[in-house]
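> this one's sequence-less:
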C-alpha cells in the first residue's frame, strides 16, 4: 500500500467512516449526498469543525483565544460554526467583512489584516465599528488616520510586524526576510511614531505572522515565544502593555506522505512556559493573546466528491476521468503555489472495501493537462463510470481559492453534514451561469 | 535594461503606444480607462484581435480555416470579433456552448472537444445542432451514440487522436505519451469500429493536438504534417476522405525573456508544401483543414491594469503593492501550471518616459505571498500610490482562468477599446457580490 493511501486511510478512520464499502461523512453516505446535491460536491462535516475548535481552545486554555481566519473557507455556514462557538474572525478584505457579518460575527470581534487594504474597504469596516485593524505600511497608517478623523472615531489598531528572525519549519516562512506584509521589526519605533501622530488611531495591539503550514509543535511554540518578545518591545516603545497580541495562524495539516499531524498535546505542554513568560514580563501583563488559524480549523472537515465519467487506458496508464477538477480545487491540482505537485489524499469513496488496487491518473473534465487531481493515485481495479471519488483535507483553500470560471463549468453545491443530516449551504450552479456571474 | 523590459517595450512599440509618458491602448490613455471603469481593469484591443485573425488567415490562405478556441478568453465580446470575421468557435463545455451562442456563433460552426464531456452537455449541444463533436474515449462514443438515437439525429463526429510521435518544441507536448485526451493512435482502428456501430454518429473528421505554446514555425509545420498523415490513415480505415481535419491550436506567444515571437511568414512559407502533400494524397482530397488557436489570437490584445496602493521598503527590497493581483490573473502570478515562475511583461503605464528605474517586487492585495505579479520588475524610482501598472500579454487565460473569489475581492470590469473609444463589456463587481455569486 502506498504511503499516500496510508494517510488517506488514516484520515478516513479518524474522522469519517465507512459502511458496506461506502465512505460516510458525518454519518451520511456519499451516494446519498451526491444523489441529493449533485456531483461534483463540497461537503463539510460540522462536528469536525466544532471538535477541532474545541480541541485547540482547550490546548491554549488560559493563554490564548482562538480566532478563525475566514480566508481559508469564507463560506458563511462554516464561519458561523466558529462564531457560535465563541470565536472572533480574522478578515482580509471588505468582501470578507460582509461574509463575516453574514456568518453572525459582530464587527467588534473582527480583525482586518492584509498588505494592500483599499480605502473603500477601510471606510466600510471603520464606519461599522471593526474591532481592530492591523496596519502594514506607512501609506496605510495615513489612510486609516485620515478616515478615523473623517468618521469622528477612535479606531483601535495594531502594528503587523515582520520579525527579523523566525523559527524554521513552516512551508512558507515569512519572517526574517523582505516581505510585503507588515513593518520590518527594525522599523517598529518609526511605525509607532507614525501611528501616534493620528489622534483617531489607538495603537494597542501587535500582529505577528512568521509562517504557514507549520506541522511541528516546537516550531509553533518558538514562533509564539518570539512573538511575545516582540510584543514586549512594542509595549516598551509605547510605555504601556498592549491590549491584544495576535500570534497569527500557521498551524498546518498533513496533505502528503511524510507530513505529520501537528501534535496538539505537545502544543498544550508548551503553553505553561509561555504563560510564565507573560507573567514574568510586566510589559506583557494584562494583554490578551490570540491565534487565528484558518486551514487547521477548517481543512480536515472538508471533502470534495466527484463522479467518474470514464476510465481509459492510454499507453499502459489508466486515466480515471471525473466530473470535478482544478476549476473547483486548484490546490489539489498542485497549482496553488506548490513547487512540487503532490497528490492530496484521495479515496474511492464508493469502493472502500476493494482490495485489488492499481495506479491511476485522476483527471478532471477540463481540456488541459493541468487538470489532474491524482498523479500517483491507487484506485480499485474495478473503478468505472458512476463511481464516486473523494479528495480529503479539502475544507480550506478549496472552492474560494479556485478558478471557478475556467472552461465555464457549473459551480458545485456546498453541503454541511451533522448528525446524519445534510443541509445545502450553497446551491449548485448550472452551466448557464457563467454568462451572468463571471462574464 | 533587463531583457524582460525589452520584451515589454517591444510589445508597447508594436501594439500599443504612449503619449506624454502614458500608455495608450487602442488610442485611449490608461488614466482615462481607469477613471471611467475603475481599477483593476481588463482591457482588450479590438484592432489587435482583428489584425491577428486576419494575419493568420492570410498566412494559411488556401490551406486551412481559422477557428477560435474560446477557452482562452470566453468573454462573448472577444469571441464575437472572431465570429464577425468569419470564424467558427471551438468549445470545451456546455457553458462555453452558451457563451459561443451569446457571441453570435451558430451551433453548426462550433466544435466540441474535451476529455470528460457530461451527458447533460452532450445532450444540449446535440439537440441544438452542433457542427462537430470530437470523441475522446469509448464511453463517450457510447453516450453520444445513444443520445443521437434518442434525439433522432445524425451527429457529425470526429476522432480526437493522441499521436504516437510528436514534433518537439512546445511548452506542453501532448503527443507520444499517455494522455487523458483522445484515443491513442494505436487504438484508431478500434475507435473507428466503435463509432461505426452507432447509426446516429457520422464519423467524418479527425482532431489532433500535440502541443501548446509552440513558438517555432518549423515545429508547428511538422506537427501539421504529422496530422495530415494521421488524417490519411483514418480516411483509409473509413474508406473515404474526411470532411474535416482539425490540426489543433498550439500557436504560442512570448511571455518571458528569451521567448521568440512565432514567425508567421515562416509558417506561410511552409504552407505550399502542406497543400502539395494534400493534393498528392487521394485520401486527403476534398477535406477541409482547420486550426483552432486561442492564446495566439487573443493573448496579445489584452492588458491588465492595476493601481499602485503603496510602495514600501523591506530589508533593502522595494515592494509595489497594487489593487490587482493573482485573484484576477493567476497565470501572471506563475501559478497556472508554470514550473518556473517568470514575470509576465509589465510596464509602468503612467510613467512610460521615466528613465531612472530600479528593481521592484510587484504584489497584489491578497494576504498571501503567492500574490506576486512581478518578481524581477524594473519600475521607475518615482513609482508611488496612484500610479497605473500594466501587465501585457493578458488577453488569454486571464480572468476566466483565475480564482476570482479568493479573499472575496471585487470582480474587475472588462473593456473593449477600438478607434479611440472604450466600451465596457463586463461591469465591475463590488465586494458585496461574493455573497451572491460565489458563496
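Done, it's in. The structure displayed is predicted, hence computed values, not measured ones. Residues are numbered from 1 along each chain as shown, chains lettered A, B, ... in the order given.

> which other helices and strands contact the lengthiest strand in chain A?
Among all segments of chain A classified by DSSP state E, the strand with the greatest residue count is strand A:302-314. Strand A:302-314 sits against helix A:30-37, strand A:41-45, strand A:317-322, strand A:388-391, helix B:138-151, with contacts defined as 3 or more CB pairs under 8 Å, 6 or more residues apart in numbering or on different chains; DSSP states H and E. (C-beta placed from N, C-alpha, C; glycine too.)

> Which one of these lies nearest to residue B:248?
Nearest to residue B:248 among the helices and strands packed on strand A:302-314 is helix B:138-151; the distance by CB to CB comes to 18.2 Å.

> roughly how far is that closest one from the heart of the chain?
Averaging C-alpha positions (CA atoms, centre = their mean, to the nearest Å) puts helix B:138-151 29 Å from its chain's average.

> And that helix, what's buried?
Using 16 or more other CB atoms under 10 Å in any protein chain shown as the burial criterion, the residues of helix B:138-151 that qualify are B:138, B:139, B:140, B:141, B:142, B:143, B:144, B:145, B:147, B:148.

> One more: stretch A:177-186?
By neighbour count on 16+ other CB under 10 Å, the buried set for stretch A:177-186 is A:179, A:180, A:181, A:182, A:183, A:184, A:185.

> Mind checking which of those residues are in strands?
A:183, A:184.

> Between the buried residues of stretch A:177-186, which sits nearest chain B?
Ranked by distance to chain B (CB to the nearest CB), the buried residues of stretch A:177-186 are led by residue A:180 at 4.4 Å.

> Give the phi and psi angles for the closest one, as a check.
Main-chain torsions, residue A:180, degrees, to the nearest 10: phi -80, psi -10.

> Hmm, it is touching residue B:369, no?
Yes. Under the criterion of CB atoms under 8 Å, residue A:180 makes contact with residue B:369 at 7.5 Å.

> Not counting residues beside it along the chain, what's closest to residue A:209?
The spatially closest residue to residue A:209, leaving aside those adjacent along the chain, is residue A:248, at 3.7 Å (CB to CB, 6 or more residues apart in numbering or on different chains).

> Does that neighbour touch residue A:290 like I think?
No. Using CB under 8 Å, residue A:248 is not in contact with residue A:290, being 9.3 Å away.

> out of those two, which sits in the more crowded spot?
Taking other CB atoms under 10 Å in any protein chain shown, residue A:248 and residue A:290 do not tie; residue A:248 has more neighbours (26 against 22).

> Could you tell me which residues make contact with the more buried one?
A:207, A:208, A:209, A:210, A:211, A:223, A:227, A:291, A:292 (CB atoms under 8 Å, 6 or more residues apart in numbering or on different chains).

> possible to save those as TSV with secondary structure and distance to residue A:352?
What follows is the contacts of residue A:248, written out as TSV (DSSP: H, G, I helix; E, B strand; the rest coil; distance: CB to CB, whole Å):
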residue	secondary structure	distance to residue A:352
A:207	strand	43
A:208	strand	43
A:209	coil	39
A:210	coil	40
A:211	coil	35
A:223	helix	38
A:227	helix	43
A:291	strand	35
A:292	coil	36
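
> closest to chain B among those residues?
residue A:209 (8.9 Å).

> What is the neighbour count of that closest one?
A count of neighbours around residue A:209, defined by other CB under 10 Å, yields 26.

> Assign residue A:385 to helix, strand or coil.
coil (DSSP: H, G, I helix; E, B strand; the rest coil).

> Could you tell me which residues make contact with it?
Contacts for residue A:385 (CB under 8 Å, 6+ apart) come out as A:308, A:309, A:310, A:311, B:139.

> burial count for the spatially closest residue to the second one that is not a sequence neighbour?
In this case it means residue A:309. Of all residues not flanking residue A:309 in the chain, residue B:116 sits nearest, at 4.6 Å (CB to CB, 6+ apart). Look at residue B:116: counted by other CB under 10 Å, it has 28 neighbours.

> Would you mind confirming that residue B:116 makes contact with residue A:363?
Yes. Between residue B:116 and residue A:363 there is a contact under CB under 8 Å: 7.4 Å.

> OK, now which residue of the stretch 1-150 of chain A is nearest to chain B?
residue A:95 (2.9 Å).

> Quick check: closest non-adjacent residue to that residue.
residue B:408 (2.9 Å).

> doesn't residue B:431 make contact with the one you found?
Yes. If you go by CB under 8 Å, residue B:408 and residue B:431 touch, sitting 6.4 Å apart.

> Looking at these two, which is more packed in?
residue B:408 (28 against 22).

> That one: which element?
When elements are assigned from DSSP states H and E, residue B:408 belongs to no helix and no strand.

> Around residue A:137, how many other residues sit close by?
Neighbour count for residue A:137, taken as other CB under 10 Å: 27.

> isn't it right up against residue B:310?
Yes. Contact between residue A:137 and residue B:310 holds when scored by CB under 8 Å: they sit 4.9 Å apart.

> Show me the helices in chain A, by range?
Under the criterion DSSP state H, chain A contains helices at A:3-15, A:30-37, A:46-59, A:76-84, A:94-102, A:119-127, A:138-151, A:188-196, A:217-238, A:264-280, A:295-298, A:434-437.

> Excluding its own residues, what touches the third one? List them.
Put plainly, it is helix A:46-59. Outside of helix A:46-59, the residues within contact range by CB under 8 Å, 6+ apart are A:15, A:26, A:66, A:68, A:78, A:81-82, A:85, A:87, A:251, A:264-265, A:267-268, A:271, A:291, A:293, A:296-298, A:300-301, A:395, A:416-419.

> can you pull the pLDDT of the residue in the stretch 301-439 of chain A positioned nearest to chain B?
Closest approach between the stretch 301-439 of chain A and chain B, counting by CB to the nearest CB: residue A:408, at 2.9 Å. The score at residue A:408 is 93. That number is its pLDDT.

> these two touch, right, it and residue B:400?
Yes. Checked against CB under 8 Å, the pair residue A:408 and residue B:400 is within contact range at 7.4 Å.

> That'll do, ta.
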